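[1] Next one to model:
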Amino acid sequence: MAIGLSRRLRFFWRRMSRVDVIALAVLIAFSLEWIANEVFPKSPHFALLTFLAFFGAVYFAIRGIAWGKKRLLWSLRNRLIVAYIFFAVVPVLLLLIMAGLAAYVMYWQLGAYVLYQDVNQRVARVANVATVLATALHNETLAAGHPVTSLDLPERTSAFLEAARADLPELSYQIGAGQNLLQRAGNARQNRFAGIVQDGTTLALRAVVSRALPDSTNRVVVSVSVPVTPELMDSLAPELGPIQIEVLRPAAADAQGPSVPINQQIFTRVASISTRQREVPPATSVFDRLIDGTTPLDVVDLKAANGSGAETRVYAFFSTRPSLLNRRLFSALGDISNLAITALYIVGGVFLAIEFAAAITGFILSRTITTAVNDLYRATQHVQAGDLTYRVHVRHHDQLGALGEAFNSMTHSVATLIEEQRQRQRLENEISIAREVQAQLFPRELPKLPGVELEAICRAARMVSGDYYDFIRLGHSRLAIALADISGKGISAALLMASLQAALRSEVLRNTPGHSDGGGRLPNTADVVRHLNRHLFRSTSSERYATLFFAVYDGESRCLHYTNAGHLPPLVITDSGVSKLEAGGMVVGLFHDVAYEQATAEIGAGGTLIAYSDGLIEPENVFGEEFGAARLLDVALRQRDASPHHMAEAMMSAAEEWAGSPEQADDMTVVIARFAGPAKEARK
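    Numbering: from 1, shown residues only. As a prediction, the model looks like this:
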């Protein structure tokens, strides 16, 4: 490997021109200088090297484009990939970037709107307090018959004022102040003002209300003020994180300190107020990015109003996240706001998934086309090397030209043979994967219940099986047993078997409340089978069906409740004899509404349940005779004292020996359960 790398380096070095060497040397020098500057002070030559390195990088970029066009784009696969990137990937990336920027700007604007509206609501609240106080003072003046310079608030008004201070900390009022603000109200009557006022370095929410007296030219004037403090800001816009208000004033010619340029005008900071107890919560998702925004606030500068200075600028800076603003955005939806947000995310996720699926599909389609082209091109190279009798005449010096000549020289039979072999290999791989997946559907370990021994064997006739068995433990001493035979064989039967397995487990668990501790009622086997019948009828074609035996054993009562839906009757071997479990109904999946019945069989100590599929009794010998249920029962009776495992193996071996052929005609499945007696193990 090292020798090959050394050869490639020497090859590239020989092909490099003097300009290439100079550009490479400049880039290497810049890299070394940049590393050195991280440790030592900057070199005075660093700026010059940076300038030269920029041109060196541009030079190599141009050379790389020319090399890529000559080398990389010669391949049809690379051409299709590059074309797809420019036609699909690049526009989508640009749209995603644009959507991200638009979402950022939208949430910035929403955050600014929330903050602006909340500030205006507080200003309106201050104006409301001023109106109430002005009305109280007006009424007291009318009652006294002369102007009142102080206000002895009644109990109701005092309570209102205290309640207002809960939202407006440090609220204060004055009587007879604020006439200068009334002149800036922009109202012809000049009797009301509300807004943000800057007085020196103090920023406050101010409201002034004037009420005229009926018998004189005097007016009742009340001014209410709430200073903008960190406590007030902590109560603003809970949808936002930290908030900071900056008060800026045009800088004087001899101003000192930091300055802020805005619209070609220099401002200096007069005051800065920020929250103390606000933090941005952690992101709820990868899309919940941090939003940093700002919004200007309307302010009245008393110094500028008096002609002593220029207008003050007030800016509010905030940080938030989309998840916080969504609460305000979807507040009108109430309890379904989370549903609306979730639906929005789901729609966006679906669109994104569709786009990714389209991208993957495009690459897969491109790869499918180019793989075939590349395979055929390699075949022409083998022909040219003498692997086949065909000779290729190359008319073009690219892959497409070589591909055209390859198609002219190859016969249709060779191409068909290659394609069939590829399809066969793909099908074998898919069947192998299907077999591995199906193996996971059968119980990996047999449940262990006190007094119950279990064994099950399923041997598929093909790579996958259409037979299905299952054991579902329902508590301390309860066990559900299922055995089904799907019509047909192969992949279609295996798929139907997977659907039946999922539906059966769902129905059993749904109809068995409280099964985890062994309590609760037993599931009705007839109801479970009836639901399975409807499920299969709706999800399969009319010719697909399955035979099913489903039973639930209760170790406390030593009863087996079962429903046989057209399956071969299982055998129950006890000391009193052999009985067949036939009650139930017809096969599942053929008709929509079928009535099934549940039957109960009492199984004494030492009783054995044997359930099997038709593949175990239908093998024929050389004379065409079937193995039959009678011979199967005979084997079971001979092996009655053996363990369930040995009994199941003996039954399988007997059927296979009867057939005398290594190939099975049908899937063979047997399930054996031996019941020793009632459970004595303490419940956990």
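[2] Skip the chain neighbours and tell me the closest residue to residue 223.
    Distance criterion C-beta to C-beta, 6 or more residues apart in numbering; nearest residue to residue 223, sequence neighbours excluded, is residue 178 at 3.5 Å. C-beta: built from backbone N, CA, C; applies to glycine.
[3] wait, residue 242
    residue 278 (4.6 Å).
[4] before we move on, back to that, measure how buried the residue nearest to residue 223 is and give me the count.
    23 (other C-beta atoms under 10 Å).
[5] same question, residue 101
    Residues near residue 101, counting by other C-beta under 10 Å: 10.
[6] secondary structure element for it?
    helix 90-144 (DSSP states H and E).
[7] The next helix or strand after that helix vs helix 90-144, what angle?
    Later in the chain than helix 90-144, the nearest helix or strand by DSSP H and E is helix 155-167. Using axes from the mean of the first three to the mean of the last three C-alpha atoms, to 10 degrees, the direction of helix 155-167 lies 160 degrees away from that of helix 90-144.
[8] related to what we said a few turns ago, how far out from the middle of the chain is the helix holding residue 101?
    35 Å (C-alpha atoms, centre = their mean, to the nearest Å).
[9] other SSEs contacting that helix?
    On a contact count with 3 or more C-beta pairs under 8 Å, 6 or more residues apart in numbering; DSSP states H and E, helix 90-144 meets helix 155-167, strand 172-175, strand 192-199, strand 202-212, strand 219-227, strand 291-297, strand 313-320, helix 322-329.
[10] export these to JSON lines and tack on mean neighbour count, distance to residue 486 and mean pLDDT?
    Output for the helices and strands packed on helix 90-144, formatted as JSON lines (neighbours: other C-beta atoms under 10 Å; distance: least, C-beta to C-beta, whole Å; pLDDT from 0 to 100):
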{"stretch": "helix 155-167", "mean neighbour count": "13", "distance to residue 486": "71", "mean pLDDT": "78"}
{"stretch": "strand 172-175", "mean neighbour count": "16", "distance to residue 486": "85", "mean pLDDT": "85"}
{"stretch": "strand 192-199", "mean neighbour count": "22", "distance to residue 486": "77", "mean pLDDT": "87"}
{"stretch": "strand 202-212", "mean neighbour count": "22", "distance to residue 486": "77", "mean pLDDT": "87"}
{"stretch": "strand 219-227", "mean neighbour count": "23", "distance to residue 486": "78", "mean pLDDT": "86"}
{"stretch": "strand 291-297", "mean neighbour count": "17", "distance to residue 486": "57", "mean pLDDT": "89"}
{"stretch": "strand 313-320", "mean neighbour count": "21", "distance to residue 486": "57", "mean pLDDT": "89"}
{"stretch": "helix 322-329", "mean neighbour count": "19", "distance to residue 486": "49", "mean pLDDT": "80"}
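[11] Let's have these in TSV, adding distance to residue 99.
    Listed next are these as TSV, based on distance: least, C-beta to C-beta, whole Å:
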stretch	distance to residue 99
helix 155-167	38
strand 172-175	49
strand 192-199	36
strand 202-212	38
strand 219-227	41
strand 291-297	15
strand 313-320	19
helix 322-329	13
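[12] Can you check which of these gets nearest to residue 533?
    helix 322-329 (46.2 Å; C-beta to C-beta).
[13] Run through who's touching the closest one.
    103, 107, 110-111, 114, 239-241, 281, 283-285, 287-289, 291, 337, 341 (C-beta atoms under 8 Å, 6 or more residues apart in numbering).
[14] Also stretch 623-642?
    So stretch 623-642 is in contact with 568, 571, 573, 578, 608, 610, 612, 616-621, 646-647, 650-651, 654-655, 658-659, going by C-beta under 8 Å, 6+ apart.
[15] Sort out which of those are buried, if you could.
    Buried members of these, counted by 16 or more other C-beta atoms under 10 Å: 568, 571, 573, 608, 610, 612, 616-617, 619, 647, 651, 654-655, 658-659.
[16] quick one: which of those sit in strands?
    Within the buried ones among the contacts of stretch 623-642, residues falling in strands by DSSP state E are 571, 573, 608, 610, 612.
[17] closest to residue 593 among the residues you listed?
    Of these, the one sitting nearest to residue 593 (C-beta to C-beta) turns out to be residue 612, at 29.2 Å.
[18] Make sure residue 311 is actually in contact with residue 301.
    Yes - Residue 311 is within contact range of residue 301, at 5.8 Å (criterion: C-beta atoms under 8 Å).
[19] More neighbours: these two, which one.
    Neighbours were counted for residue 311 and for residue 301 using other C-beta under 10 Å; residue 301 has more, 22 against 13.
[20] The residue nearest to residue 242 belongs to a helix?
    No - counting by DSSP: H, G, I helix; E, B strand; the rest coil, residue 278 is not found in a helix; it is coil.
[21] quick one: it and residue 636, what's the gap?
    78 Å (C-beta to C-beta, to the nearest Å).
[22] Between those two, which has more neighbouring residues?
    More neighbours surround residue 636 than the other of residue 278 and residue 636, with 23 against 20 (other C-beta under 10 Å).
[23] State the number of residues packed around the residue lying closest to residue 666 once chain neighbours are set aside.
    Spatial nearest neighbour of residue 666, excluding adjacent residues (C-beta to C-beta, 6+ apart): residue 615 at 3.5 Å. For residue 615, the neighbour count with other C-beta under 10 Å is 25.
[24] Got the domain ranges for the protein?
    15-74, 102-329, 338-435, 443-675 (automatic domain parsing).
[25] With respect to burial, which of these scores highest?
    Comparing the domains of the chain on average neighbours per residue, with mean count of other C-beta atoms under 10 Å, the densest one is domain 443-675 at a mean of 18.
[26] From the chain's centroid, how far away is that one?
    Going by C-alpha atoms, centre = their mean, where domain 443-675 is centred and where its chain is centred differ by 40 Å.
[27] quick one: average pLDDT of that domain?
    The average pLDDT for domain 443-675 rounds to 85.
[28] got a list of what the residue nearest to residue 666 touches?
    Contacts for residue 615 (C-beta under 8 Å, 6+ apart) come out as 461, 467, 485, 664-669.
[29] okay, the domains of the chain in JSON lines with distance to residue 87 next?
    Putting the domains of the chain into JSON lines (distance: least, C-beta to C-beta, whole Å) gives the following:
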{"stretch": "domain 15-74", "distance to residue 87": "15"}
{"stretch": "domain 102-329", "distance to residue 87": "23"}
{"stretch": "domain 338-435", "distance to residue 87": "9"}
{"stretch": "domain 443-675", "distance to residue 87": "37"}
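[30] Looking at these, spot the one closest to residue 7.
    domain 15-74 (12.8 Å).
[31] could you say what helices and strands the strand or helix carrying residue 62 packs with?
    According to DSSP H and E, residue 62 maps onto helix 46-71. Using 3+ C-beta pairs under 8 Å, 6+ apart, the elements in contact with helix 46-71 are helix 18-37.
[32] So for the helix it packs on, mean pLDDT?
    77.
[33] How far off centre is it?
    46 Å.
[34] What angle do helix 46-71 and it make with each other?
    130 degrees.
[35] What helices and strands are in contact with helix 18-37?
    helix 46-71.
[36] residue contacts, residue 192?
    Contacts of residue 192 by C-beta under 8 Å, 6+ apart are 127, 182, 185, 208-210.
[37] repeat for residue 302
    180, 197-200.
[38] where's it relative to residue 31, distance?
    Applying C-beta to C-beta to residue 302 and residue 31 gives a distance of 60 Å.
[39] Could you do residue 624 as well?
    Counting by C-beta to C-beta, the gap between residue 624 and residue 31 amounts to 85 Å.
[40] Equivalent analysis for residue 459, please.
    67 Å.
[41] same deal with residue 339?
    Taking C-beta to C-beta, one finds residue 339 at 55 Å from residue 31.
[42] Also residue 595?
    With C-beta to C-beta as the criterion, residue 595 and residue 31 are 83 Å apart.
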